[in-house]
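# Below: sequence and its predicted model.
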Amino acid sequence: MGEPFYITTAISYPNGRPHIGHAYEAIAADAIARFQRQAGRDVRFQTGTDEHGLKMVQTARNLGREVRDYAAEMSSHFKMMCDTLNISYDQFVQTTAPDHHRASQALWERMAASGDLYLSRYEGWYSVRDEAFYDETELVDGTDGKLSPQGTPVEWTAEETWFFRLSKYQQPLLDFYAANPDFIRPDSRRNEVVRFVEGGLNDLSVSRTSFDWGVPVPGSDGHVMYVWVDALTNYLSGLGFPRETSDMRYWPADLHLIGKDIVRFHAVYWPAFLMSADIALPKQVFGHGFLLHRGEKMSKSLGNVVDPGELAGAFGVDALRYFLLREVSFGQDGSYSADAIVTRINAELANAFGNLAQRTLSFIAKNLDGTLPAEGRTDPADAILVEEVLVACAAMKAAFGDLALSHGIEAWLRGVHACNQYIDAQAPWALRKADPERMHAVLGTLVRAIRMLAIAILPVVPEGAGRILDLLGAETRDHAAIDDDDWYDRQAASGFRLGTPTPAFPRLEMPAVVEAG
């Protein structure tokens, strides 16, 4: 088994159904997890839902529902989204689980043992929508009163509460950021966090008494943990913490993948809690951008919130995955629309790669009865193409290893375009009667190239790329397989025959309704 690699998404807050932003984060994390499995790493991929907090209580109350039943129902929609989108998670965490409560209480007790928790009274501004406390200096004026930096309403809150000595960790955090410059990425998020911490840290209210929907504070009747204390603990509870389980070999996490709006919780509060509890800090927090609809932030009032299941149903799961990872520069905001999806998929996935595979393999199935072409008469152009494809796949691997996902797909496309230029120049259909030996060499070269490209793009479009590899009988699909020079000869010598191919990436038509929901 390879070296452990632990990747997590943020756990989604299920007070509403999943939207395309949730899908984007899950798809990106899944592509990274699949890529690392191909690299030989022992991957643990965790996602889930965060069911606690005042917002869940209020939403359930407004619907006349029991909060526990409502939370369980809404959490199931997020799990269904992951399953629909071919997300290869190993663990789906729910913060209502007894094991998660035990883990959160164990973390709390460690912070208490460090002398970092004390009982006092909180008076200040709280955003229910963000489940976040804000200092007066952070607020902005809105038309109906004070707003958080995110533009969400805040309300004055006063209650007895436990505090965490966050101020104690200001310098340790700054020292840690300086010693680990890649801990927060991209750089723009890192700079924001460093500026925030340099500005001074106040102690943090970490319990609530105004409601009881949460993890009870050990030894403090009437207190439940601030939702972010127990939410962040999911990254440990999903591994079996505090028990010494075999799953704890995955800690510290290699990558927490989160939205840019919750970087503070993951890059300030979470490492401070872990320092207090004497637990190793994660290796990296990556704050990705927002997904916009035609350049606008999605909101129910604008009517531009779309169910990711509807998009997947309209365009196909592979097409949606490819578009989001290709279109958005990872770490930046990105935009989507139905016509942009159709245009991008048809140009690149259907026409460029799908059509390349379909016409090559159909030609072999029809004209060679599915038998892999013989060696034939080679030409320098053959070796040049294979080298171009190897270079493209290597560039994709390097980019994905650095989380530059869209750049990686762009590099892969250079290999696809090289194949299309090659097939048009060599024209195997014209060689069928004029020069069959040369035709065999051309087709064999294309099969080699298509297999390598399909393996490389597998983390992005696992279903379609997998279908091409199934058709070729290519069972080994890790990174080493891309560089396996002898695969073709072994496969041809085995007497393998291709079946009749069907398009792995069909062209898209514009669906009737996918723009609003």
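Now that the structure is in, tell me what you want to look at.
# Could you use CA atoms for every contact and neighbour count after this?
Fine.
# Quick check: Leu469 vs Thr378, distance?
Counting by C-alpha to C-alpha, to the nearest Å, the separation of Leu469 from Thr378 is 24 Å.
# Have a look at those two and say which one is more surrounded.
Applying other C-alpha atoms under 10 Å to Leu469 and Thr378 shows that Leu469 carries more neighbours, namely 21 against 16.
# which element is that one on?
Assessed by DSSP states H and E, Leu469 sits inside helix 462-472.
# Just list what that helix packs against, helices and strands only.
Counting contacts by 3 or more C-alpha pairs under 8 Å, 6 or more residues apart in numbering; DSSP states H and E, helix 462-472 packs against helix 317-327, helix 436-457.
# which helices and strands does the longest one pack with?
Contact here means 3+ C-alpha pairs under 8 Å, 6+ apart; on that basis helix 436-457 packs against helix 355-367, helix 380-401, helix 405-426, helix 428-434, helix 462-472, helix 479-482.
# Would you format those as a markdown table with distance to Lys55 included?
Formatted as a markdown table, these follow (distance: least, C-alpha to C-alpha, whole Å):
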| stretch | distance to Lys55 |
| --- | --- |
| helix 355-367 | 49 |
| helix 380-401 | 36 |
| helix 405-426 | 34 |
| helix 428-434 | 63 |
| helix 462-472 | 36 |
| helix 479-482 | 45 |
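# Local confidence estimate at the residue lying farthest from the centre of the chain?
Most distant from the centre of the chain: Ala434, at 50.1 Å, with distances by C-alpha atoms, centre = their mean. Looking at Ala434, its pLDDT stands at 95.
# same thing with Ser301?
Listed pLDDT for Ser301 reads 49.
# returning to that earlier point: to the chain's geometric centre, what's the distance from the helix holding Leu469?
Its chain's C-alpha centre and that of helix 462-472 lie 22 Å apart, by C-alpha atoms, centre = their mean, to the nearest Å.
# and it with helix 355-367, angle?
Following axes from the mean of the first three to the mean of the last three C-alpha atoms, to 10 degrees, one obtains 30 degrees for the angle between helix 462-472 and helix 355-367.
# Which of the helices or strands spans Phe163?
Using DSSP H and E, the element containing Phe163 is strand 155-164.
# Show me where the stretch 1-150 of the chain has its helices.
Using DSSP state H, counting those that start in this stretch, the helices of the stretch 1-150 of the chain run over residues 20-38, 54-62, 67-84, 98-113.
# I'd like the mean pLDDT over the third one, please.
Read it as helix 67-84. Summarised as a single mean, pLDDT over helix 67-84 is 95.
# just use 713 as the starting number from now, easier for me
Got it, first residue is 713 now, which makes that one helix 779-796.
# between that helix and helix 732-750, how many degrees?
Using the same axes, to 10 degrees, helix 779-796 lies at 50 degrees relative to helix 732-750.
# For helix 779-796, which helices and strands make contact with it?
Under the contact criterion of 3+ C-alpha pairs under 8 Å, 6+ apart, helix 779-796 touches helix 732-750, strand 754-761, helix 766-774, helix 1020-1027.
# Contacts for it next, please.
Residues outside helix 779-796 that contact it (C-alpha atoms under 8 Å, 6 or more residues apart in numbering): 724, 726-730, 735, 738, 760-761, 763, 768-769, 772-773, 804, 806, 1020-1021, 1024, 1029.
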